[in-house]
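Peer 1: With the sequence up front, the predicted model follows.
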Amino acid sequence: MRVDYITGNTAIAEAAIVAGLKFYAGYPITPSSDIFEYLARELPKHGGHVIQFEDEIASINAVIGASWACAKAMTATSGPGFSLMLEAISLAVITETPLVIAYVMRTGPSTGVPTRAGQYDVLQATYGFHGGLVIPVLAASTPQEAYDLTVKAFNVSEMLRTPVVLLTDATIAHTYGKVIMRERGELEIIERIRPLTPPDKYKPYEPVKEHVPAMACFGDGYNVLVESLTHDERGYYAPRTDVQRKLMWRLYRKIVDSAPKLFDYSAIGLEGCDYAFISYGSTALSAQVAAKMLREKGYRVGTLKLRTLYPIYEDGIRKLVSSAKKVFVIENNVGLYYRELRAILRDKEVVSVPIIDLDLPQPQEIVEVVKQWL
Amino acid sequence: MAVAHPLDKYLRTDRIPTMWCPGCGLGIVMGTLLRAVDRRIKEGSLKRENVGFAGGIGCTARMTLYPLFDSAHVIHGRAIPFALAVKIVKPEMKMIVVGGDGDLAAIGGNHILHAIRRNADLLVVMVNNMIYGMTGGQVAPTTPRGLYTTTTPYGNPEREMNMIKLTAALGANYVARGSITHPQLLEQYLYKALGKRGLAFVEVISTCPELFGRHIGFRSPVDLYMEIRKRIVIKAKPSIEESDYSWEKGFVIGEFVDRDEPGFTDTIYEYLNKIRGGGVQ
Amino acid sequence: MEILIAGRGGQGILLLGHILGRAIAKHTNLYILGSEIYAAETRGGDSRVDLVVADREEDADFIKVMKADIAIFMHQLQLDAYKDLVRDGALVFIDKSNTTNIPQRNWKVYLEPYTDIAEKEIGNIRVANMVALGHLIKVTSIVPPEAVEDTIKEVVAREWVDVNIKAFRYYFSKS
Ligand SMILES: Cc1ncc(C[n+]2csc(CCOP(=O)(O)OP(=O)(O)O)c2C)c(N)n1
Ligand code: SF4
């Protein structure tokens, strides 16, 4: 265990190394570049590769290739770069390629304010790619969480053979914090399932555990097939409804059914509360302070900070805020994740508190907005 | 009774026949490529489990579906970064990228540019059938000027893209152009290319009888084949300038570049070893 | 506990804040979050470090100072700009060399010529930040001074360590 005082971006880089990262491909973009630069300096010392590609498209496709050579692989980017990666994320989904994307959000749309924060891309992170499936999205609000969730992101990607997005923003990226860094041996590190069957019996897309197939890699002698077309368990193109159904539901279920296992949050004062604040990422810091201010004024306000945004664990969230009469969803955008929560908290009044701010929304502003509803 | 073909051991025979149209030049490309690989394996300069294929999307890229090797059929234009990453992580691999002119010269153009600049250790086989086959006969960057395609119904007003000049200029270790009309020569180029470090680029002039040939008035695959064959000019040591082609001028085939600069993989492992050995701070 | 450190670009505010934050993180059981602001036109613009320190992780819950318990102001401009972020009863360290107008507040003020001390007694105007940090540590004892010195050695380029430590020790060598 080490203790350090580092930024959110450094925490991601450090944790990735501990998780076993062996290949990083990227294209510089603010505010994610210092993850790249830090790894460029440190990862080679651990025998890993860091390469700057010609664009984000090449980067993500290289990450997919590296993962198929059985290296743990990641990239980091922000909105414009993530947008370029979407087509390949879809490829990673259908080929069930474990990889991690650190998505450091910045103010948009388009070039926006490149150095400043926002949570505008929370839906894009999971819904942006084509094909109508879901990928896990974890959201950090402090450097410590960035560290812990990076390790978790790698574990989830390996366990479920899926791309995983680790979501932060410009604020967390450059916030310093005390980080307690648990290391190998002190942490659970999950590796993808490798085939136990001999090559002639091996089917690259045949699930062996909870919808997840074993993964053989290039050079293992298994004649693996990486196939972007709809495929059967052998990886053979099969343009048939029965095959498509089976594949879609398996890819969908393997993520959605793991919602309880992936669920990660912190709750303060939710038991017996009248009002619940739900938030995530940097804005959760503002929401927690705002709740504290209201509690001091005598209101029974609890907070739920979600660290797992996708897959959504509906029962888990419902249970946590069950005593609240009203739920406020506080976020630094026009009210996006609110739509998700409104859909699962149908029996409650769910209020969107969208506060657009280039930095952290001020707790006082949240209090003022929310007070009209108390 | 089916007779085993000598290349069957390298094929997923349960997937044959291929999806290609009757008379398509791609069958010749695949057969020739596998024969070149076979020669390398037989002579012991290549291990079978170390051969990997990657292709984007297109009729050509579908070549990745059939060889019984590690193989990736990824997305349009992006096979190069995929293959390059495999090679970096597993330097013992010999990665072969196959793609059409759309896959490699248009949408994937940026990647090939930088792969060559890096002298990435890849064999890139670009099939120039002068058309977008898979999507139904649209113009390609390589379509000769003046020819009719579905998206240039009044004739193609654009200059044809000469990938030989580009790859030579950027410093590939090996650059050749072959043609399906001359499979022995093509096999020789591919065999040689497989032995190179750094980037080897082989362009293959091929036929798409279904969508290219018919559109410009050749009714059968044989007609198109004969027409292309007529326009092929074989040169022992052609100059780079001679690689420029047009429908009227025809296509010079031959080896344009053959050099031996260090490849990307060697270079990055050299750095890595220095860093790990403490040589670089 | 909230600590605000503010001054003009070029006064070493970020380094001061970083060393203090790092020393607290690594050498105490306290939790801490810290954020930095600096104007693009580094020299002359606002420089500010906010540190939020708490016994429990969940109480180090914000990265901006709302009401500072401790503050260092190295320049009049930032003192004027941020004085309302400092609560009553706070300990406030002000560089007398760069200020003329001290607001009338319910603060415990330490008004000392950090910049003049750095220039005349230490021999390098650029270490005024460490003189101020030493004063803060001596008065508050948030971290042991040795921990700060270790942190200076970790963070500051080797050729500047000695002069920074000399400046940091200024108030410890006086009694
Ligand atoms: C991003 C994207 N855009 C467009 C397509 C559609 N598409 C598939 S193959 C192809 C071009 C095929 O031409 P070429 O690469 O020359 O290969 P050929 O079929 O001629 O062998 C296109 C445009 C796609 N699959 N993906
Ligand atoms: S469309 Fe053209 S290139 Fe594609 S398989 Fe048919 S003949 Fe070959």
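Peer 2: That came through fine. Ligands and ions are numbered 1, 2, ... in the order given.
Peer 1: Just give me the longest helix of chain A.
Peer 2: Secondary structure of chain A per DSSP state H: the longest helix is helix A:143-160.
Peer 1: And chain B, by the same measure?
Peer 2: Per DSSP H, chain B has its longest helix at helix B:26-42.
Peer 1: who's in contact with that helix?
Peer 2: B:6-7, B:10-11, B:18, B:20, B:46-48, B:51, B:59-60, B:63, B:66-67, B:96, B:98, B:125, B:127, B:129, B:180, B:183, B:186-187, B:190-191, B:193-195, B:204, B:206 (Cβ atoms under 8 Å, 6 or more residues apart in numbering or on different chains). Where C-beta positions appear, they are placed from N, C-alpha and C, glycine not excepted.
Peer 1: Show the buried residues in those residues.
Peer 2: Taking 16 or more other Cβ atoms under 10 Å in any protein chain shown as the criterion, what is buried in those is B:7, B:10-11, B:18, B:20, B:46, B:51, B:59-60, B:63, B:66-67, B:96, B:98, B:125, B:127, B:129, B:180, B:183, B:186-187, B:190-191, B:193-195, B:204, B:206.
Peer 1: Now narrow those to whatever sits close to ligand 2.
Peer 2: B:Trp20, B:Cys59, B:Asn129 (Cβ under 6 Å from any ligand atom).
Peer 1: Any chance of a markdown table for those, columns secondary structure, distance to A:Met74 and pLDDT?
Peer 2: As requested, these are exported to a markdown table (DSSP: H, G, I helix; E, B strand; the rest coil; distance: Cβ to Cβ, whole Å; pLDDT from 0 to 100):
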| residue | secondary structure | distance to A:Met74 | pLDDT |
| --- | --- | --- | --- |
| B:Trp20 | coil | 38 | 97 |
| B:Cys59 | coil | 34 | 98 |
| B:Asn129 | coil | 37 | 98 |
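Peer 1: gap between the closest residue to A:Pro136 other than its chain neighbours and B:Arg40?
Peer 2: The shortest distance from A:Pro136 to any non-neighbouring residue, by Cβ to Cβ, 6 or more residues apart in numbering or on different chains, is to A:Val164 (4.7 Å). Distance, A:Val164 to B:Arg40, using Cβ to Cβ, to the nearest Å: 39 Å.
Peer 1: which of these two has more neighbours?
Peer 2: A:Val164 (29 against 19; other Cβ atoms under 10 Å in any protein chain shown).
Peer 1: Okay, and the beta partners of that one?
Peer 2: Taking DSSP bridges as the rule, A:Val164 bridges to A:Val100.
Peer 1: And it, how far from C:Met1?
Peer 2: Distance from A:Val164 to C:Met1, by Cβ to Cβ: 36 Å.
Peer 1: cool, B:Phe218 as well?
Peer 2: When B:Phe218 is compared with C:Met1 (using Cβ to Cβ), they lie 84 Å apart.
Peer 1: Show the contacting residues for the nearest residue to C:Asn124 once chain neighbours are set aside.
Peer 2: Excluding its sequence neighbours, the residue lying closest to C:Asn124 (Cβ to Cβ, 6+ apart) is C:Val163, at 5.3 Å. Applying Cβ under 8 Å, 6+ apart to C:Val163 gives the contacts C:Ile122, C:Gly123, C:Asn124, C:Val127.
Peer 1: Let me know the angle separating the biggest helix by length in chain C from helix A:143-160.
Peer 2: The single longest helix within chain C, with elements called by DSSP H, is helix C:13-27. Here helix C:13-27 runs at an angle of 70 degrees relative to helix A:143-160 (axes from the mean of the first three to the mean of the last three Cα atoms, to 10 degrees).
Peer 1: Following helix C:13-27 in sequence, what is the next regular element?
Peer 2: strand C:31-38 (DSSP states H and E).
Peer 1: Return the residues in contact with residue 158.
Peer 2: Just going to use chain A. Contacts for A:Glu158 (Cβ under 8 Å, 6+ apart) come out as A:Lys72, A:Pro98, A:Ile190, A:Glu191, A:Arg192.
Peer 1: Check those against chain C and report the nearest one.
Peer 2: For these, the closest approach to chain C (Cβ to the nearest Cβ) belongs to A:Ile190, at 25.1 Å.
Peer 1: contacting residues for the residue nearest to that closest one when sequence neighbours are not counted?
Peer 2: Of all residues not flanking A:Ile190 in the chain, A:Asn155 sits nearest, at 4.1 Å (Cβ to Cβ, 6+ apart). By Cβ under 8 Å, 6+ apart, the contact set of A:Asn155 is A:Ala19, A:Glu188, A:Ile189, A:Ile190.
Peer 1: and the residue nearest to B:Arg259 when sequence neighbours are not counted, how many neighbours?
Peer 2: In space, not counting the residues next to it along the chain, B:Arg259 is nearest to B:Asn173; the distance is 5.5 Å by Cβ to Cβ, 6+ apart. Applying other Cβ under 10 Å, we find 22 residues neighbouring B:Asn173.
Peer 1: now A:Ile355
Peer 2: 19.
Peer 1: Give the helix, strand or coil label for B:Ala72.
Peer 2: Following DSSP: H, G, I helix; E, B strand; the rest coil, B:Ala72 is assigned to strand.
Peer 1: what kind of secondary structure is the residue lying closest to it once chain neighbours are set aside in?
Peer 2: Excluding the flanking residues, the one nearest B:Ala72 by Cβ to Cβ, 6+ apart is A:Val226, at 3.7 Å. For A:Val226, the secondary-structure state derived from three-state DSSP is strand.
Peer 1: Tell me who's in contact with A:Val226.
Peer 2: If you count contacts by Cβ under 8 Å, 6+ apart, then A:Val226 has A:Trp68, A:Thr95, A:Thr97, A:Gly235, B:Ser71, B:Ala72, B:His73, B:Val74, B:Phe82 around it.
Peer 1: Could you do C:Leu14 as well?
Peer 2: C:Glu36, C:Tyr38, C:Ser47, C:Val49.
Peer 1: where does the stretch 51-200 of chain B dip in pLDDT?
Peer 2: Confidence mapping of the stretch 51-200 of chain B against pLDDT under 70 gives zero matching residues.
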